[in-house]
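Participant: sequence first, then the predicted structure:
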Amino acid sequence: MLKKILTVDDSRTMREMLRHTLSGAGFEVVTAEDGADGIEKLRESQPDVVITDINMPVMDGFEFIENVRKSEEYNRVPILVLTTESAPEKKQRAQSAGATGWIVKPFDPEKLTRAVNRVMP
Amino acid sequence: MSLDDIKETFFAECADQMAELETGLHEIQSSGPDIETVNAVFRAVHSIKGGAGAFGFNALVSFAHVFENALDVIRNDLNQVNEDRMDLLLRSVDVLSDVIEAERTGSEPDDTSGLANELETAFGLAEAAEESDGGEDALADFAPVMIDLADLGVADTPAGRRFHISFAPHASLYLKGHDPLRFFRELADLGTLSVTCDTADIPKLSELSPDESYLKWQLDLETESAREDIEAVFDWVDGECALSIEETGAPAVDDGASLDAFLLSLDEPGGDSGIPEIDDFGQDPETEPASAANPVADLIGSLEAADIGAPAAPAETEAETGNSDDGSEDSGARAGKKEIKKASQTIRVESEKVDRLINLMGELVINQAMLAERIGQAGFGNASPAALALVELQNLTREIQSGVMAIRAQPVKPVFMRMSRIIREVCSATGKKAMLELEGEHTEVDTTVIEGLIDPLTHMIRNAVDHGIEDPETRQAKGKPTHGTVKLSAYHSSGRIVIEIKDDGAGINRERVLSKAIEKGIVARDAKLSDDDIDNLIFAAGFSTAETITDVSGRGVGMDVVRQSIQALGGRVNISSEPGHGSLFSMSLPLTLAVLDGMIVKEAGQTLVLPVSAVLETATLKPGDVYTIGKNNRVVKMRNQLIPIIDVGRQLGFADKRTDFTKGTIMVVEGGKNGMGAFLVDSIEGQQQVVIKSLESNYKRVPSIAAATILGNGQIALILDCDHIVSHQASDPGEAVIQSMAG
Amino acid sequence: MHDDLEMQKVGGEEFIAFRVGDQEFCVEITSTREIRGWSQATKLPHSPDYIIGVINLRGTILPIMDLSARLGMGLSEPCERHVIIVVHVRDKTLGLLVDSVSDILDVGPDHLRPVPEVNPSMSSEMFHRVIVMDKRIICEISLEAITPEMELQAA
């Protein structure tokens, strides 16, 4: 069975790019368009790894990660943060929110895949 | 989905984001900044930048980056907004739009460094830029160097270096989805790794808490990689563990310390079943801690040097760093968050699909009409089951049709928002200052009408700013605010949509307009015209008011063409003006160009259709209803007025002048500017919904005719352009008298 | 006559030839969409006399031009005997009312001539070329030339 990745990003383009890259690398991909949608999709699809953006409407990446970490069942799922913001404080913020790792956009498809494989259980 | 498809998606998304951006900034400009709007605006630019990066649109990325940073300043402190900065941001919107377009068409984008510098200066961005550059590079490359696994375990691999790593995760490490096994895997990729688990901290079972971290590991790595590569493996868990990495001199001779040897040793008899299965990397990390036992330490006993086995004290390199502080709360993103509301469900549908559906609905309407004919011809009475069933069918169809039309109905907002940029351009070209105010922008109208609106609206807005709004000094001298206001509003009224453009400028200069019109022979020198008539002269063919043709309005389109385009949509437009105070363009348009509720009439052997919405009243003509004024002008007294009679057959050239005015049917129709006409036709056949078919697609515009339709019997019926007919009644002497009497 | 035509089958252009009054004309086959019988047209107000009106062509409004009138050969009295040739010119479709369709011709370049300055009763600007074969002279009608008023109005 294919490993499943949930991608959370409010940009249609980014969702499609991620799907393109990750399914090409042999993963099953589920998408969500903001943090709240991400929580729902997480429950429904039970992915092996989550990749999320930070800046999103309704519920941003930080809140999403915090909520996931607070949840009962899925709180240990590896979560990678994918974002164009590279400022150190943002990295700290993500880390303290509970992110497993961090990838900067624009992503190199190889690097993305490697990062995913790093954290894939 | 190919990369090209995704690229298309990107540009489609850019269009959406630009609309968000425009709307958001407009709101900030008119009602001040609020965190939600600022966030939305920031995200719009952020998304564009993200996607642009993925496709290597460097010009777009670099400009969007500066723009984003400027918005970030406001995001962090709403007080940072002022008029000059607002102007810069609005200009940036236009520039961003242009760069996107350039990237989309593959042409060279204009140089944005000028505006970028202005943004950097105005928002104090220069220092911040340097910081993030450094950060970006450092973080981008975290992947460890991969070593070919096949080299592992070969005893006489040329010795690289030897590191001793002490690794004690905090509970938080697990809470962030990390799994020590993975780190070991990665380290193993760097060279030859041996792992010992220190289980000394595991408490009695009764005190064991699954959320606590009790295990620690000692690892020895022989590798050709550098220390940085090892540090890179633990990149993300800075602060989540106690970690030390020490270089320990020459690698030990192969003494079974290799991972492979350890694995092999597990198979030997005497191996304990309680051994944690470090060789199986697919193992669920949760089960691991539970089976830790001392036998492990025993088995690998030969490994350790003296300084191993104790929990790592802060060593040279990776000292234990406590959990760093959150730092300042990301105020921009979190403060003042409104409650989360679920966005209304929408779906994206290709407009072609909807168009097809609407066309099919049209065919259905026609077919239904044919069915009605046949049923009537077959002799089924109106009360017969067949006829009643037909009525039900017609009701159902009408409902489906409304539903289908509603799908294509869109708010006028996007078109209105476009005008924002137009105003900025005109202001920039003419040195005037003007703001756009919107009202009723959520009023909906069919896509077909919306598309047709863009050009005429653009010209009227340009006109309003260029000719209406005075320059700031003049306005100030008149006691007006230096910023002119152009108010764009939309609302529904009797089955149509009304759009008004109101400016608070100087109004129409009637003397100049009149003299120009006389000069161009549009009106006679001695014609008596009301103020209103003079105002509406600007719509006359061949009229152009600009003496100095500015770069803007002078793009060769006069108001007469604007009026024609609006009429082509089945609409009408006129202007009213108050000298010194401003002008008002008022447009009324049908809600859709697809179908029409029509009154079917017979006149001079022809079947014609009038829009029901234009008909105020109908009556059967009786002898004595008609009065004659002057030589030949006939009127009918209705609605407490004398309304001029329009001999429809004659007007359309289908028949000679009518002689008998004692029978027929009168339809009081409104048209033109507050005009009315009493259309005299032979009879009214009925009322039905008709599908509008264009005459212009294969022929051309025919005056007095708006469009055509196909009736149930397959025959074509022309749909009258009531506006045109009322405004162009055959002129006879005394016409003006009648017009004014008819009010 | 037909031998002539057969000799020209290779590398020729194809035309539809038809009769209007006592003369033969033709149009390029690539402009032709279909040929149909006559049906009653709905009159258009204030239209030139050579525009008979519009008919319903499977849901599209199709203007019908009286070719005889357009060529200055007199108004037709449209009836069932007539034939409508549906043509495409620029991006519009219209129907030409003719008496009958005679042939499909495959014409080689030898038989195509420029329009001579003959026949003062007909404006030679309406013709593109002339086909000459045996004793037949068939003028090729220029669809663009007979429909100037249907050009798009300036926006």
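Facilitator: Arrived safely, thanks for sending.

Participant: phi and psi next, for the closest residue to chain C within the stretch 251-400 of chain B.
Facilitator: Nearest residue of the stretch 251-400 of chain B to chain C: residue B:363, at 6.8 Å (CB to the nearest CB). Just so you know, the C-beta spots here come from the backbone N, C-alpha and C atoms, and that holds for glycine as well. Dihedral angles of residue B:363 (phi, psi; degrees, to the nearest 10) stand at phi -60, psi -40.

Participant: for it, which non-adjacent residue is spatially closest?
Facilitator: residue C:59 (6.8 Å; CB to CB, 6 or more residues apart in numbering or on different chains).

Participant: same check, this time on residue C:13
Facilitator: Once flanking residues are discounted, residue C:13 sits nearest to residue C:107: 5.6 Å by CB to CB, 6+ apart.

Participant: how near is that neighbour to residue B:668?
Facilitator: Between residue C:107 and residue B:668 the distance is 61 Å, computed by CB to CB, to the nearest Å.

Participant: burial count for residue 96?
Facilitator: I'll assume chain A. Here the number of neighbours of residue A:96 (other CB atoms under 10 Å in any protein chain shown) works out to 19.

Participant: wait, I meant chain C there
Facilitator: There are 24 residues near residue C:96, going by other CB under 10 Å.

Participant: just grab the bridge partners of it for me.
Facilitator: Beta-bridge pairing for residue C:96 (DSSP bridges): residue C:65, residue C:85.

Participant: surely it touches residue C:82?
Facilitator: No: if you go by CB atoms under 8 Å, residue C:96 and residue C:82 don't touch, sitting 10.1 Å apart.

Participant: around chain C, which positions in the stretch 301-450 of chain B sit nearby?
Facilitator: For the stretch 301-450 of chain B, the contact set with chain C under CB under 8 Å from any CB of the partner chain comprises B:363, B:366.

Participant: for residue A:40, what are its contacts?
Facilitator: Residues counted as contacts of residue A:40 (CB atoms under 8 Å, 6 or more residues apart in numbering or on different chains) are residue A:32.

Participant: phi, psi of the nearest residue to residue C:75 once chain neighbours are set aside?
Facilitator: Leaving out its chain neighbours, the residue that sits closest to residue C:75 by CB to CB, 6+ apart is residue C:69, at 4.9 Å. Dihedral pair for residue C:69: phi -60, psi -40, per degrees, to the nearest 10.

Participant: thought residue C:69 was touching residue C:47?
Facilitator: No: here residue C:69 lies out of contact with residue C:47, judged by CB under 8 Å, at a distance of 11.5 Å.

Participant: what's the pLDDT at the residue of the stretch 351-500 of chain B at minimum distance from chain A?
Facilitator: Nearest to chain A in the stretch 351-500 of chain B, going by CB to the nearest CB, is residue B:351, at a distance of 17.3 Å. Note for residue B:351: predicted pLDDT of 79.

Participant: who has more neighbours, residue C:107 and residue B:668?
Facilitator: Taking other CB under 10 Å, residue C:107 and residue B:668 do not tie; residue C:107 has more neighbours (23 against 19).

Participant: what's the next secondary structure element after the lowest-mean-pLDDT helix or strand in chain A?
Facilitator: Lowest by mean pLDDT, DSSP states H and E among the helices and strands of chain A is helix A:88-97, with a mean of 80. Moving toward the C-terminus from helix A:88-97, the next helix or strand (DSSP states H and E) is strand A:101-104.

Participant: what is the rounded mean pLDDT of that next one?
Facilitator: Mean pLDDT, computed over strand A:101-104, is 85.

Participant: what helices and strands are in contact with it?
Facilitator: Under the contact criterion of 3 or more CB pairs under 8 Å, 6 or more residues apart in numbering or on different chains; DSSP states H and E, strand A:101-104 touches strand A:79-83, helix A:88-97, helix A:109-119, helix B:126-140.

Participant: sounds good, over and out.
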